[in-house]
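Chemist: Below are the sequence and a predicted model for it; my questions follow.
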Amino acid sequence: MSKIRPAEPADLETLRALLSSGARSDLEPRVRAAFELGAVGDADSAEQIEALLIETLERQNSHLFGFVAIAVERTGDVAAARRLQALIPDAPEWALYWLGRAIKRLSGHSAPPPEGVQWSGPERDAYVAKLREAWAALDLSVDPTPSVVWGAATDTRVEAVVHDGRGVFALGPDPTSGKATWPEWNYSWYHAGQGLYGVGTVCSTCEVYLHRAGWSPQEAVDLAQSVRSAVADVRTLDRQLLDAIEPVVGALASSRYQLRLIDQPLEPVTWMDTWYTEDALEGVTDPDDLADITEDPVNHERLYQPPHTGRPNPLVIAPTQPDLDPATVKAYVQAITDGARPAALVAAHLGERHNWDREEPHTAFTGFVVDGHHKLAAYAELGIAARIILILDLTPPLRTPGDPSAALDGLLVETGGIGV
């Protein structure tokens, strides 16, 4: 498949003329024009771009369909969301994702994945049917209202389903370029629409490196701070606590989550040596040599990982703000010494990659601090396992193990984390 390349600089009329040309035998130039018009938010072309979307659907062109769906959402035509929703009952399986993505971007409404079935395996047909039903049932006539449905719970583990999630804290695709071969490829961790870390690609066999791209904007910081008093001394995940942190949970993307209350040994590090960069540690046996592995200044960031064993860690928690206030860290040190257990809030996903030269797939946990940088620093300074409320996305957009919850159990055992 050739790349969708951007048109040479031209006025809108030239692109509109290309989009409306009757050359049905050649989709690609019109898709290129639609993509460029969508990129500049040309609402006047929205109707024709939608017509092109239906044409690519009818012609079963799943590759170009993604590009045109992105063009539709970029026009900002809110009314298009209902028309796209009307396509869902009869749309082929491969179109559901793109229709749902565009509806979400245009209307703010989104449905969590179905319960109890998987995208792959013998239950695939049941999954697709339930997914189709969930998106078709959304009421787009009202404003989206994030909601959290709490499920099965113990003192240290709670299930949650987020509907119409705000996506303030979210793993999502990077903006698509007209030069891209695929409609989506690279993914990042976002806070309030700002990319903080590049976390890899949709390729399930590719090596992945964690790259910091920015810091959390104030909107996300303020939201996290609004629940800080509720997590000043956490002993259990009781209903009072869950109600208090619900605004943060509802600010995630629509999905199914599991909240875990754990104590995790962590230490600050300045290298990124999860399975993402496994090759960097091959042959290294002395942990004292690890600090010299990476000379790239971008990697000299403070992250948190379990105490090092000389081999790649499967768990990393990444900061989302740049600076720590020594006085605040000191205050948490004193509170912890006095017996309090303030909890950091960490949103996370489990990823699985099976590199072409490896016999077994690699599973790793990547967490991003929503609130609690100073708490993590205080626990590390004291040498005490950090109390953390993990918010684990059970259905993130990138590849996951078959049972993320069970995989997390294994990683916690491996890295010394325990339930409270």
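Modeler: Cool, got the structure.
Chemist: so where do the strands sit in the stretch 251-400 of the chain?
Modeler: 255-264, 267-269, 303-305, 315-318, 344-353, 362-371, 386-393 (DSSP state E, counting those that start in this stretch).
Chemist: just checking, what packs against the second one?
Modeler: Which is strand 267-269. Secondary-structure packing of strand 267-269 (3 or more Cβ pairs under 8 Å, 6 or more residues apart in numbering; DSSP states H and E): strand 303-305, helix 373-382. All C-beta spots, glycine's among them, are computed from the backbone N, C-alpha and C.
Chemist: that older thread, indicate which one of the strands of the stretch 251-400 of the chain is closest to residue 79.
Modeler: Judged by Cβ to Cβ, the one of those that comes nearest to residue 79 is strand 255-264, at 26.7 Å.
Chemist: to the chain's geometric centre, what's the distance from that closest one?
Modeler: The chain centroid and the centroid of strand 255-264 are separated by 15 Å under Cα atoms, centre = their mean, to the nearest Å.
Chemist: same deal with stretch 75-86?
Modeler: In terms of Cα atoms, centre = their mean, the gap separating the centre of stretch 75-86 from the centre of its chain is 24 Å.
Chemist: for stretch 142-153, same thing?
Modeler: Counting by Cα atoms, centre = their mean, stretch 142-153 comes out at 18 Å from the chain centroid.
Chemist: a markdown table for the strands of the stretch 251-400 of the chain, including distance to residue 399 and mean pLDDT?
Modeler: Rendered in a markdown table, the data for those read as follows (distance: least, Cβ to Cβ, whole Å; pLDDT from 0 to 100):
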| stretch | distance to residue 399 | mean pLDDT |
| --- | --- | --- |
| strand 255-264 | 15 | 97 |
| strand 267-269 | 26 | 86 |
| strand 303-305 | 22 | 88 |
| strand 315-318 | 18 | 91 |
| strand 344-353 | 5 | 93 |
| strand 362-371 | 10 | 92 |
| strand 386-393 | 13 | 97 |
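Chemist: okay, the ones you listed in CSV with distance to residue 410 next?
Modeler: Converted to CSV, those look like this (distance: least, Cβ to Cβ, whole Å):
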stretch, distance to residue 410
strand 255-264, 13
strand 267-269, 21
strand 303-305, 17
strand 315-318, 11
strand 344-353, 10
strand 362-371, 8
strand 386-393, 13
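Chemist: In TSV, list the ones you listed along with mean neighbour count and distance to residue 155.
Modeler: Below are the strands of the stretch 251-400 of the chain laid out as TSV (neighbours: other Cβ atoms under 10 Å; distance: least, Cβ to Cβ, whole Å):
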stretch	mean neighbour count	distance to residue 155
strand 255-264	22	7
strand 267-269	16	27
strand 303-305	24	24
strand 315-318	24	23
strand 344-353	25	17
strand 362-371	24	21
strand 386-393	25	12
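Chemist: Out of those, flag the one nearest residue 169.
Modeler: Comparing those against residue 169 with Cβ to Cβ, the closest turns out to be strand 344-353 (5.1 Å).
Chemist: roughly how far is that closest one from the heart of the chain?
Modeler: For strand 344-353, the distance to the chain centre is 9 Å (Cα atoms, centre = their mean).
Chemist: Who are the packing partners of it?
Modeler: strand 194-201, strand 362-371, helix 373-382, strand 386-393, helix 404-415.
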